[in-house]
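> Using only what follows, build the 3D model:
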Amino acid sequence: MSSDHLAHQHRTTPTGHVLGTDTFTCVRCGLTVSSYAAGSTRRNHCPSCLHSRHVLDQVEGGSSACGARMSPIAIAVLRTGDWMLIHRCVRCGELSSEPVCGDDNQLILMRMAVRPLADPPFPLEAFGTL
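Presented below is the predicted three-dimensional model:
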């Protein structure tokens, strides 16, 4: 990740051990976010606005030089019942998926989940003839 995206902070325990805490600043809302979500899961998106930065190349598997903002566009539900957040890069259009974290903005998640029902790609009147 780029140096402007992550800030490394260190804390010490009462016994003198150094603990590392990774944080990043959201590219959309400016919130300082811990890279560790509830349940010790690693996160790469802002829990408030759900945006991210394009730092991984999903096709090549390495780091990406793009660095643009990744917008949340949809929710996918795995067979296990886990929810995945789908992002699209605003610059290059690459898609990525990341697990939804327990402290993510529930209102935005629900808006994305019900969007296909609220605005279907076909006329709702078609159901009246079934």
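> In contact with Val27, which residues?
5, 51-53, 69 (CB atoms under 8 Å, 6 or more residues apart in numbering). Every residue, glycine included, has its C-beta placed from N, CA and C.
> same thing but at 7 Å, please
The contact partners of Val27, by CB atoms under 7 Å, 6 or more residues apart in numbering, come to 51, 53, 69.
> So which of these belong to helices?
Among these, no member falls in helices (criterion: DSSP state H).
> Which member of the residues you listed is positioned nearest Pro116?
His51 (20.8 Å; CB to CB).
> From Ile73, how far out is Pro120?
Separation of Pro120 from Ile73 (CB to CB, to the nearest Å): 17 Å.
> Same check on Leu117?
Distance, Leu117 to Ile73, by CB to CB: 16 Å.
> quick one: which of these two has more around it?
Per other CB atoms under 10 Å, whichever of Leu117 and Ile73 has more neighbours is Ile73, with 13 against 8.
> Quick check: that one touching Arg88?
Yes: the criterion here is CB atoms under 7 Å, and Ile73 meets it with Arg88 at 4.9 Å.
> hang on, the earlier thing: select only the buried ones of the contacts of Val27 in PyMOL?
Buried residues among the contacts of Val27 (16 or more other CB atoms under 10 Å), as a PyMOL selection:
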select buried, resi 51+53+69
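> Quick check: which of the contacts of Val27 has the minimum pLDDT.
Among the contacts of Val27, Arg53 carries the weakest pLDDT, at 92.
> was I right about that residue contacting Gly67?
Yes: counting by CB under 7 Å, Arg53 does reach Gly67; the two are 6.3 Å apart.
> where's Pro99 relative to His45, distance?
Relative to His45, Pro99 is positioned 10 Å away (criterion: CB to CB).
> out of these two, which sits in the more crowded spot?
Each of Pro99 and His45 has its neighbours counted (other CB under 10 Å); His45 has more, 26 against 17.
> Sweet, I'm off.
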